[in-house]
Every structure is written in C-alpha cells, then in structure tokens.
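In: could you look at this predicted model? Sequence included:
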Amino acid sequence: MKCSLIIALEDNKLNLLLLAEALKMQTEKSFEVIFAHDGYDKEFEAELEAMKTSLPYSITYLSHNENSYKREMMLNRAIEASQSDYLIFIEGGVIPHADFIKDHLRLSAYGKVVAAGKIVLANEISEAITEQMIISRKLHS
C-alpha cells in the first residue's frame, strides 16, 4: 500500500456516494481510506459497512461518542491506524480529482510536506454534482 488517505469528519455534510465514486476513479489504486470522525454517526457507519464490498480500497471508520471537540485526537488515532508510511489528509466534503493521490505521491519527497488547496463551491453548484458527473470525468475539464 502506497498511502493512507485520512478524511477528517466534523459534521454529517459529507456526500458519501460522491466521495466513494471519486475515490474509485483515482488513477493510483494502492491506498486505504481512514475516516476520523469528531463524533459518531451510526447511519454513516452503516452506509460505510454496506459499501465496503463494492470498493477497491479498504475503509476504516474511527469515531467517539463524547460531546466534546476531539478532532486532533481522532486524527492521531487515524495516524496510528494507518497501514502505510505516507499520509494524505483531506477534510470531509472534499471530492478529490482523479489524479489527486497520484499527484500527491509524484510530488512527495522524504522530509517534505505536499500541500493541496480546495475550491469551495456555492451550495447550488455542490448540490448539482452527481455520481455520473464524477464517473464521466465531467468535473475534470
């Protein structure tokens, strides 16, 4: 496994189907996904469990039931749970470009940090994005 993609979740605004499709479309296939949830969502965990068999990458869901801010603790738990030496961090709600992981690895070097930016879209645009738009790579042009 070349890398671990750690996804920090703080709320339930993540569209899991869109994210799953975007991750299926990654040109680099050797990665795992770790969700580090600052909280707990039983429905989200059930969705992940139902999807696991149809995904080409492994998924780990880490969460806590406490009513307090534990984001950094959850990220540290995700680092400990990682099965690779190279870690990529994104926020929940981000839909990565098909070459996101490949480009991250291409730009990596020992002792260096690769930073990526995100584009925040208006709600009307975000809500219009579909799985088919991701599969057809319409968002990449």
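Out: All right, it came through fine. Being a predicted model, the structure only gives us computed values, none of them experimental.

In: ok, which stretches of the chain are helices?
Out: Listed in chain order, the helices of the chain (DSSP state H) span residues 16-24, 42-51, 71-81, 100-107, 123-128, 131-135.

In: any idea how far residue 58 lies from residue 41?
Out: Between residue 58 and residue 41 the distance, using Cβ to Cβ, to the nearest Å, works out to 20 Å. To be clear about C-beta, it is placed using only N, CA and C from the backbone, and glycine gets the same treatment.

In: and these two? Which one has more around it.
Out: Legend: neighbour count by other Cβ atoms under 10 Å for residue 58 and residue 41, higher for residue 41 (17 against 13).

In: just checking, that one touches residue 63?
Out: Yes: under the criterion of Cβ atoms under 8 Å, residue 41 is in contact with residue 63, at a separation of 7.4 Å.

In: quick one: contacts for the nearest residue to residue 1 once chain neighbours are set aside?
Out: Once its chain neighbours are removed from consideration, residue 1 has its nearest residue in residue 84; the separation is 4.8 Å (Cβ to Cβ, 6 or more residues apart in numbering). With Cβ atoms under 8 Å, 6 or more residues apart in numbering as the criterion, the residues that contact residue 84 are 1-4, 31-32.

In: low pLDDT regions in the protein?
Out: In the predicted model of the chain, residues 11-14, 140-141 satisfy pLDDT under 70.

In: what does residue 65 show for phi and psi?
Out: Backbone geometry at residue 65, expressed as degrees, to the nearest 10, gives phi -100, psi 10.
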